[in-house]
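Peer 1: here's a sequence, model it:
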Amino acid sequence: MALQISKSNSSKLSTRLLTSTYPKQAMFGNHHATVNCNVCHRTMVPRIVSYYGQPLRSICPFCGTTFMKFPSGFQRCVQRLQPRILTFDAFKKIAMAAICFGLLWFISLWAKLPEEINFVGTVGTIALLIIAAAELTVQCVEHLAAKLSHESNYYWAGLVLITVVLANKYHDLINYVLLFSAIMLVRWVVVDVLQIFRTTR
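Peer 2: Presented below is the predicted three-dimensional model:
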């Protein structure tokens, strides 16, 4: 009898320890361990797809669609410079700078200032207006993709494909394609500089 009582007491103690150590409430502290798939709408735990130990993306185990993509090292470096929130702040700043150069151009023509000031106002106005138009185009495409819950990379890939096809069919457009690429590159540099100035403040 003594042995049976000790066994029952030990079992009660062990169950008490288990219930006190591991409560019945969720172990994730009000955080859900599962998510809903955007395609099949099932509750699931995403599976990680890796390549040589580097995580690439997470997929739904039921339908196999991509749930989230993980940026590479170069993409993370670029994302540090690019703003995480879609905003027209860079466009507004570039447009204001273009207006200032336009006023300088107008004043130089009206007051007949030296040709150097007229040249600076003219070049600054035209260059900043082109960069502002490029930034407005980029932001419109990004906002459209975000509103439709699409990835903007597909939009840009389609634009590049259309440009390559047109340039291959009409060789006269190659110079315009190169000019457009140079403008987008300059726009990227200007926006990154503005982003660096914003983060350093």
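
Peer 1: avg pLDDT for the lengthiest helix in the chain?
Peer 2: Longest helix in the chain by number of residues (criterion: DSSP state H): helix 115-147. For helix 115-147, mean pLDDT rounds to 90.

Peer 1: buried residues in it?
Peer 2: Across helix 115-147, burial judged by 16 or more other CB atoms under 10 Å covers 118, 121-122, 124-125, 127-136, 138-139, 145. All C-beta atoms are positioned from the backbone trio N, CA, C, and that covers glycine.

Peer 1: now the helices for the protein?
Peer 2: Ranges of helices in the chain, per DSSP H, are 2-21, 73-81, 89-110, 115-147, 152-169, 174-200.

Peer 1: ok, of the ones you listed, where does mean pLDDT dip lowest?
Peer 2: Note on these: helix 2-21 shows the lowest mean pLDDT, a mean of 42.

Peer 1: so residue 102 is in contact with residue 126, correct?
Peer 2: No - counting by CB atoms under 8 Å, residue 126 is not a contact partner of residue 102; they are 9.4 Å apart.

Peer 1: ok, back up a step: quick check: angle from the longest helix of the chain to helix 89-110?
Peer 2: 160 degrees (axes from the mean of the first three to the mean of the last three CA atoms, to 10 degrees).

Peer 1: what helices or strands is helix 115-147 leaning on?
Peer 2: Packing partners of helix 115-147 (3 or more CB pairs under 8 Å, 6 or more residues apart in numbering; DSSP states H and E): helix 89-110, helix 152-169, helix 174-200.
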